[in-house]
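> Structure, please.
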Amino acid sequence: MTATLLPATATETHDSAMPAWLTLVLATACGLVVANIYYAQPLIGPISAALGMSPQTAGLIVTMAQIGYGAGLLFVVPLGDLFENRSLVLSMIAVAAVALAAASFATHALAFLACALFIGLGTVAVQILVPYAAHLAPEAMRGRVVGNVMSGLMLGIMLARPAASFVTHALSWQAVFVISAAMMVAVIVVLRLTLPRRAPAPGLSYGALLASMGGLLRDTPVLQRRAAYHFFLFGAFSLFWTTVPLLLHGVFDLSQAGIALFALAGVAGAVAAPIAGAVADRGWGRPATGVAMAIAALAFPLSRLGGTGSSFSLACLVAAAILLDFGMTAHLVLAQRAIFSLGAEYRSRLNGLFMAIFFVGGALGSAIGGWAYANGGWSLTAWIGLAMPIAALAGYATERRL
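Residues are numbered from 1 along each chain as shown. Here you go, the predicted structure:
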């Protein structure tokens with residue numbers, strides 16, 4: 001199979017349908033790559049013990065990967081508007097593969113933390129692939145393609161934590177990183193053989209590209225609103241998944257394996273991505289946005305039903321996890337469909353800004369969640385979690401109907 005050069009124009013409207021197999025390749029690649037920054041979350045205990053890290057510094061195991069990912073969103077993802085996309089993606093996945101392999105051999109905390117930084121940096125390849133998929137898709141089915149690709153990405157996020165827990169239980173935490181490094185090599189080979197090259201039209205230098213991002217944020221109301229909405233929705237998502245393991249262990253007395261099984265419930269929310277994409281393609285993106293936010297908000301009062309530690313309460317918590325993941329994922333796809341319709345020539349920069357803004361919301365949600373649970377238990381945590389999608393709904397209510 002030979003890869004061809006896909007020209008980049010200002011409109012990039014394609015008449016031919018995107019092959020289903022290529023959508024599957026992109027979705028699978030996104031899921032496998034994005035999982036890299038989530039593997040360490042349930043492994044903080046064994047990794048910190050092996051590296052001699054104190055409880056006060058163990059959180060850096062996750063934080064360094066997040067810093068690398070955040071930096072990549074702002075400084076690497078915009079390069080998709082400047083450099084040939086396939087080569088850029090393969091280069092960043094290669095960075096992640098090397099860092100993953102090095103992490104498995106790390107015996108000192110500083111070495112591992114440096115590897116975590118580059119794992120996060122390399123993982124931003126997924127945020128180059130998503131707008132790349134939007135470039136390939138014809139306008140009439142762009143939402144469905146983005147939705148299908150995002151379903152793969154969300155499955156990667158949701159399966160990473162239980163997968164890491166199970167592999168560590170069966171083998172070791174080092175095995176998680178070795179296996180992932182090998183998968184990254186396989187992904188590189190597959191993408192190299194299947195993806196067409198896409199070279200953006202000649203334009204800005206890298207410095208001018210970065211400088212233009214402030215103007216794009218200032219002058220793009222759709223980006224401003226969608227990023228603000230998802231800031232709160234992803235904050236609620238991160239708050240929930242940061243604190244619910246504490247609730248499951250402390251109140252329901254679940255083991256690590258039980259908590260990993262609970263995390264699989266969230267996978268059901270991934271079905272929202274293709275549904276939201278199809279809805280957006282029909283022109284129903286605006287009402288669907290409000291529905292997605294309301295579904296996410298409903299999760300938190302649902303999570304408080306039933307007696308403390310009862311089977312019914314646990315069932316409600318599972319249902320809440322599914323609803324929250326469904327609402328958050330649906331809005332993510334609706335938002336990207338709206339943003340990617342603004343212009344092909346700055347699609348990567350818009351995506352980088354969008355992701356960076358709501359990523360801050362996720363980090364804030366995690367921090368607030370830990371504080372809330374320590375000071376007020378699940379009751380306070382759920383109230384704060386509810387306030388976040390309500391804030392998004394309040395902003396949504398101010399939109400002018402067109």
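> Could you identify the longest helix within this structure?
Counting residues, the longest helix found in the chain (DSSP state H) is helix 347-397.
> and that one, average pLDDT?
The predicted model assigns helix 347-397 a mean pLDDT of 88.
> Return the list of helices and strands in contact with it.
Applying 3 or more Cβ pairs under 8 Å, 6 or more residues apart in numbering; DSSP states H and E, one finds that helix 347-397 contacts helix 60-75, helix 126-136, helix 206-219, helix 221-250, helix 285-302, helix 311-340. All C-beta spots, glycine's among them, are computed from the backbone N, C-alpha and C.
> Looking at the ones you listed, which is nearest to residue 22?
Comparing the helices and strands packed on helix 347-397 by their distance to residue 22 (Cβ to Cβ), the top pick is helix 126-136, with 7.2 Å.
> Show me which residues of the helix or strand just after that closest one are buried.
Per DSSP states H and E, the first helix or strand lying C-terminal to helix 126-136 is helix 142-170. Neighbour counts using 16 or more other Cβ atoms under 10 Å place 142-168 of helix 142-170 among the buried residues.
> What residues does residue 117 make contact with?
Listed by Cβ atoms under 8 Å, 6 or more residues apart in numbering, the contact partners of residue 117 are 64-65, 67-68, 99.
> show me the contacts for residue 303.
Under the criterion of Cβ under 8 Å, 6+ apart, the neighbours of residue 303 are 240, 316-317, 320, 378, 382.
> Could you do residue 286 as well?
Residue 286 is in contact with residue 399, counting by Cβ under 8 Å, 6+ apart.
> again, but for residue 48
Counting by Cβ under 8 Å, 6+ apart, residue 48 touches 54-55, 57-58, 61.
> tell me which residues in the helix or strand encompassing it are buried?
Following DSSP H and E, one finds residue 48 within helix 44-51. Within helix 44-51, the residues scored as buried using 16+ other Cβ under 10 Å are 44, 47-48, 50-51.
> hmm, back to that, what's the most buried one of the helices and strands packed on helix 347-397?
Ranked by mean neighbour count, these are led by helix 126-136 with a mean of 25 (mean count of other Cβ atoms under 10 Å).
> Restricting to C-alpha, output the helix or strand harbouring residue 24 in PDB.
Using DSSP H and E, residue 24 sits within helix 20-34. Extracted C-alpha coordinates of helix 20-34, given in PDB (Å, rounded to 0.1, in the frame of the first residue of the first chain):
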ATOM      1  CA  ALA A  20     -14.000   2.700   7.200                       C
ATOM      2  CA  TRP A  21     -10.700   0.800   7.700                       C
ATOM      3  CA  LEU A  22      -8.800   4.100   7.900                       C
ATOM      4  CA  THR A  23     -11.100   5.400  10.500                       C
ATOM      5  CA  LEU A  24     -10.500   2.200  12.500                       C
ATOM      6  CA  VAL A  25      -6.800   2.600  12.200                       C
ATOM      7  CA  LEU A  26      -6.900   6.200  13.400                       C
ATOM      8  CA  ALA A  27      -9.200   5.300  16.300                       C
ATOM      9  CA  THR A  28      -7.100   2.400  17.400                       C
ATOM     10  CA  ALA A  29      -3.900   4.400  17.200                       C
ATOM     11  CA  CYS A  30      -5.400   7.200  19.200                       C
ATOM     12  CA  GLY A  31      -6.600   4.800  21.900                       C
ATOM     13  CA  LEU A  32      -3.200   3.000  22.200                       C
ATOM     14  CA  VAL A  33      -1.200   6.200  22.300                       C
ATOM     15  CA  VAL A  34      -3.400   8.300  24.700                       C
END
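> so residue 275 touches residue 147, yeah?
Yes - assessed by Cβ atoms under 8 Å, residue 275 is found in contact with residue 147 at 7.2 Å.
> if we can go back for a sec, counting neighbours, which of the contacts of residue 48 comes out on top?
Compared across those, residue 61 has the highest neighbour count, 22 neighbours, by other Cβ atoms under 10 Å.
> And that one, how far from residue 267?
24 Å (Cβ to Cβ, to the nearest Å).
> circling back to that earlier point, what mean pLDDT does the helix holding residue 48 get?
Averaged across helix 44-51, pLDDT comes to 83.
> For residue 259, give its distance to residue 377.
For residue 259, the distance to residue 377 (Cβ to Cβ) stands at 18 Å.
> now do residue 241
Distance, residue 241 to residue 377, using Cβ to Cβ: 17 Å.
> How about residue 274?
For residue 274, the distance to residue 377 equals 37 Å [Cβ to Cβ].
> for residue 30, same thing?
For residue 30, the distance to residue 377 (Cβ to Cβ) stands at 36 Å.
> of the two, who's got more company?
Taking neighbours as other Cβ under 10 Å, residue 30 and residue 377 compare with residue 30 leading, 26 against 16.
> Name all residues that make contact with the more buried one.
The contact partners of residue 30, by Cβ under 8 Å, 6+ apart, come to 126, 129-130, 149-150, 152-153, 156.
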